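Asker: Quick one: sequence plus predicted model below, questions after.
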Amino acid sequence: MGKQGEQIVSKKPQKTAADLRSARWVAPDDLRSFGHRSRLMQMGYGPEDWVGKPFIGILNTWSDLNPCHAHFRDRAEDVKRGVLQAGGIPLEMPAISVDESFTKPTSMMYRNLLAMETEEQIRSHPLDGVVLMGGCDKTTPGLVMGALTAGVPMIYLPAGPMLRGNYAGQVLGSGSDAWKYWDERRAGTITDAQWQGVEGGIARSYGTCMTMGTASTMTAIAEAMGLCLPNASSIPAPDAGHKRMASGCGRRIVDMVWEDLTPDQIVTPSAIRNAAIVAMATGCSTNAVIHLLAMARRAGVDLTLDDLDALGRTTPLICNVRPSGKDYLMEDFFYAGGLRALMAQLTDRLDTSAITVTGKTLGETLEGAEVYNDDVIRPLSNPVYHEGSLAVLRGNLCPDGAVIKPAACDQKFQQHQGPALVFDSYPEMKAAIDDEDLDVTPDTVMVLRNAGPLGGPGMPEWGMLPIPKALIKQGHRDMLRISDARMSGTSYGACVLHVAPESFIGGPLALLRTGDVIRLDIPNRSLDMLVDDAELEARRAAWAPPPQPFERGYGWMFAQHVTQADQGCDFDFLTAAFGRPAGEPDI
Ligand code: FES
Ligand code: MG
């Protein structure tokens, strides 16, 4: 963060009190407004609390089942302090927490539910501006997607990463070290006591995963889009600076209301491009692809997988934070200068004229940013990896695309050919994987299908398929894997993900058989099965769709309307291009 209070720009009111959206609820001398005012008074507020003051919603994704947001009840108080200081009325409201740790079948099923809730909470209530409190993976895109559609001034308050993990003097990284030590346990190289030590040491404080997983990627994206106070996304959750940032959000949103600084002025095509470049430079989670596509579409920007691949080819990965980087975690990243310092390395590539929630340009917010450790935040001349972290593949196995994270896999898989070993479901794979007689070699390509947006359902993070025990015992820790699933942002390895269209709806992945040869060529961005067209046609004629997992409720609605991975997995009826805007309540 910059100097305390630096983010508060002078008030340049463009709105008067009579223009406030909330005034429609509380200003008229009629029966409805009498009802609204009397109900405010029921809560102990008097006219001095609200007359002429912006109503600021604080959308809080706190939950006792979301360890990453455990500090949010406390932080909401800091936001309220800031709102009051700046002359607003703070109104905290709950929103579904979409925790990554406990939600089954997968949190991804509920990102769109949070987006809908956010949009409708804002639209239906007397709010002039909102502070969005999120951080755990899906909460960032969910909140941002909904608020982009709702259109009132908004500011994003990222939960902040948790402290570094620690066990027996070893630094532990969220996710990454869980997978690593699990493989060691399966290989029999660590004891039960050591395994339990890792369990107790890998998550030591509230806050989001402290690798550059999906949470840190998405909060970095929100900041690069201009939706956060400068460097907010890098502050560790338990740092006192995080509380000061929270109160800063409260102060700033009040001014944003008066300035009428709406999200459409911030989330422009330039801002989305900036966010994608920053994502690539951080070694972003593959999940960023889906969420960026979905957020862009909410902003009316037609971002495509090919746009992201083009940016991936030209953006060096300069953030040495695991899993794409080798050595460091988010706490180190903050001490090294944080996202401001990283973005300052990229000013030649970013559109620094983009306006941020500060009311200043991105370039102005980056002035004076310094790197304090150039092994953590590398100069462009010494990147961790020469290209950005994502590559988009196409071919007869994935005509609508698939993604891989080349920086996070063994480089021998840049070009690879091998026989497929195909599993139709996660339980089928799980049952086979520990069979030491499983017919696999290091060249085998393991495939899991029916794990996409509809098939999973909800596109679970199964894409880092476990290495068969037979190979683990031979010392192998990576192999080529393919699925229509996602994978955790903390995962690594030669994993091709997001195959589209997914097999569940008859994508070509559904036609693949064990023994078919698969060819991957990352430099040429291709992924194919070497099966001729006539044979594929014969297989297609014999293919029948699997039964739907949900016959009622949200799951049924999800299945009717979710789009494929290359479209961002939003509901088709929520994108900016669908239908007339919902408009404002006028009764
Ligand atoms: Fe919440 Fe990783 S589980 S950020
Ligand atoms: Mg995750």
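Answerer: Sure thing, it's come through. Ligands and ions are numbered 1, 2, ... in the order given.
Asker: And the strands in the stretch 151-300 of the chain?
Answerer: Here the stretch 151-300 of the chain has its strands, by DSSP state E, counting those that start in this stretch, at 154-158, 165-167, 170-172.
Asker: who does the longest one touch, helix- and strand-wise?
Answerer: To tie it back to what came earlier, the one meant is strand 154-158. strand 129-134, helix 139-150, helix 214-224, helix 240-259 (3 or more CB pairs under 8 Å, 6 or more residues apart in numbering; DSSP states H and E). Glycine gets a C-beta too; all of them are placed from N, C-alpha and C.
Asker: mind showing which ranges of the stretch 201-350 of the chain have poor pLDDT?
Answerer: For the stretch 201-350 of the chain, no stretch is flagged by pLDDT under 70.
Asker: Can you name the residues of it sitting close to ligand 2?
Answerer: Residues of the stretch 201-350 of the chain lying close to ligand 2 (CB under 5 Å from the ion) are 213-214.
Asker: Contact residues of the stretch 201-350 of the chain facing ligand 1?
Answerer: By the rule CB under 6 Å from any ligand atom, the part of the stretch 201-350 of the chain lying against ligand 1 is 208-209, 213, 215.
Asker: For those residues, which entry has the maximal number of neighbours?
Answerer: Counting neighbours by other CB atoms under 10 Å, A215 leads those with 34 neighbours.
Asker: who touches that one in this structure?
Answerer: Neighbour list for A215: 68, 100, 135-137, 140, 159, 161, 208-209, 489 [criterion: CB atoms under 8 Å, 6 or more residues apart in numbering].
Asker: Just flag the most distant two among those.
Answerer: Farthest pair in the contacts of A215 (CB to CB) is A159 and G489. Separation: 14.8 Å.
Asker: spatially speaking, which residue is in the middle of the protein?
Answerer: Closest to where the C-alpha atoms of the chain average out (CA atoms, centre = their mean) is M218, at 3.9 Å.
Asker: Run a quick neighbour tally on the nearest residue to it once chain neighbours are set aside.
Answerer: What sits nearest to M218 in space, not counting adjacent residues and going by CB to CB, 6 or more residues apart in numbering, is T140, at 3.8 Å. For T140, the count of nearby residues is 33 (other CB under 10 Å).
Asker: do the one 3 residues further on as well
Answerer: Using other CB under 10 Å as the criterion, L143 is surrounded by 31 other residues.
Asker: thinking it is in contact with G134, fair?
Answerer: Yes: using CB atoms under 8 Å, L143 is in contact with G134, at 4.7 Å.
Asker: quick one: common contacting residues for those two?
Answerer: Among the neighbours of L143, those also in contact with G134 (CB under 8 Å, 6+ apart) are 61, 156.
Asker: if we can go back for a sec, what sits against the residue nearest to M218?
Answerer: Here T140 is in contact with 134, 156, 158, 215, 218-219, 221-222, 291 (criterion: CB under 8 Å, 6+ apart).
Asker: Could you measure from G134 over to S107?
Answerer: According to CB to CB, to the nearest Å, G134 and S107 sit 12 Å apart.
Asker: er, A294 actually
Answerer: Noted for A294: a distance of 14 Å to S107, by CB to CB.
Asker: what do you get for T356?
Answerer: As judged by CB to CB, T356 and S107 stand 28 Å apart.
Asker: With A220 instead?
Answerer: 19 Å.
Asker: likewise G507?
Answerer: Going from G507 to S107 by CB to CB gives 23 Å.
Asker: got any ranges where the protein has weak pLDDT?
Answerer: Within the chain, the segments meeting pLDDT under 70 span 1-12, 388, 585-587.
Asker: For it, what lies in contact range of ligand 2?
Answerer: When proximity is defined by CB under 5 Å from the ion, the chain lies next to ligand 2 at 100, 137, 213-214, 488.
Asker: burial measure for T268, as a count.
Answerer: By other CB under 10 Å, 20 other residues sit near T268.
Asker: Let me fix that, I meant to ask about E584.
Answerer: For E584, the number of neighbouring residues by other CB under 10 Å comes to 9.
Asker: Doesn't it lie inside a strand?
Answerer: No: with DSSP: H, G, I helix; E, B strand; the rest coil as the criterion, E584 is located in coil rather than a strand.
Asker: is stretch 72-84 up against ligand 1 anywhere?
Answerer: No: on the criterion CB under 6 Å from any ligand atom, stretch 72-84 is out of touch with ligand 1, staying 12.2 Å away.
Asker: That stretch: which residues count as buried?
Answerer: Neighbour-count burial for stretch 72-84 flags 72, 75-84 (criterion: 16 or more other CB atoms under 10 Å).
Asker: Please identify the helix or strand for whatever residue of the stretch 351-500 of the chain ends up closest to ligand 2.
Answerer: Residue nearest to ligand 2 within the stretch 351-500 of the chain (CB to the ion): S488, separated by 4.3 Å. Counting by DSSP states H and E, no helix or strand carries S488.
Asker: can you pull the contacts of it?
Answerer: Contacts for S488 (CB under 8 Å, 6+ apart) come out as 175, 213-214, 285, 287, 461, 464.
Asker: and with 10 Å instead?
Answerer: Contact partners of S488, counting by CB atoms under 10 Å, 6 or more residues apart in numbering, are 100, 137, 174-176, 178-179, 209, 211, 213-214, 285-287, 323, 460-464.
Asker: same question, F413
Answerer: In this structure, F413 makes contact with 404, 406, 445, 478-481, 493-496, 520, 522, judged by CB under 10 Å, 6+ apart.
Asker: Same check on A354?
Answerer: Contact analysis of A354 by CB under 10 Å, 6+ apart lists 224-226, 265-275, 361-363, 365.
Asker: Just the buried ones among those, please.
Answerer: Buried by 16+ other CB under 10 Å: 224-226, 266-268, 270-275, 361-363, 365, out of the contacts of A354.
Asker: ok, those vs T347, which is closest?
Answerer: T347 has its nearest neighbour among the buried ones among the contacts of A354 in G363, at 6.7 Å by CB to CB.
Asker: and of the helices and strands packed on strand 154-158, who's closest to P94?
Answerer: strand 129-134 (10.2 Å).
Asker: which helices and strands does the strand or helix carrying V79 pack with?
Answerer: Take DSSP H and E as the rule and V79 turns out to sit in helix 72-85. For helix 72-85, the elements it packs on are strand 55-60, strand 89-94, strand 129-134, strand 154-158, helix 240-259, judged by 3 or more CB pairs under 10 Å, 6 or more residues apart in numbering; DSSP states H and E.
Asker: between that helix and strand 55-60, how many degrees?
Answerer: Taking axes from the mean of the first three to the mean of the last three CA atoms, to 10 degrees, one finds helix 72-85 and strand 55-60 inclined to each other by 170 degrees.
Asker: Please shift the residue numbers so they start at 33 in all later answers.
Answerer: Let's use 33 as the start, then, which means that last one is helix 104-117.
Asker: Now do helix 104-117 against helix 272-291, angle only.
Answerer: 40 degrees.
Asker: So what sits opposite the residue lying closest to A179 once chain neighbours are set aside in the bridge?
Answerer: Closest residue in space to A179, ignoring its immediate chain neighbours: M186 at 4.4 Å, by CB to CB, 6+ apart. M186 forms beta bridges with V162, as assigned by DSSP bridges.
Asker: residue contacts, M186?
Answerer: Counting by CB under 10 Å, 6+ apart, M186 has contacts 89, 91, 150, 154, 159, 161-164, 175-176, 178-180, 259, 285, 288, 293-295, 298-299, 389.
Asker: 7 Å - rerun?
Answerer: Listed by CB atoms under 7 Å, 6 or more residues apart in numbering, the contact set of M186 reads 161-162, 164, 179, 295.
Asker: can you redo these as TSV with neighbour count and distance to A452?
Answerer: Output for the contacts of M186, formatted as TSV (neighbours: other CB atoms under 10 Å; distance: CB to CB, whole Å):
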residue	neighbour count	distance to A452
G161	28	52
V162	30	48
L164	29	43
A179	28	43
P295	27	45
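Asker: Out of those residues, which is nearest to ligand 1?
Answerer: Nearest to ligand 1 among these is L164, at 15.7 Å by CB to the nearest ligand atom.
Asker: how much space between the residue lying closest to that closest one once chain neighbours are set aside and M148?
Answerer: Leaving aside its sequence neighbours, L164 sits nearest to L175 (CB to CB, 6+ apart; 4.1 Å). Between L175 and M148 the computed distance is 11 Å (CB to CB).
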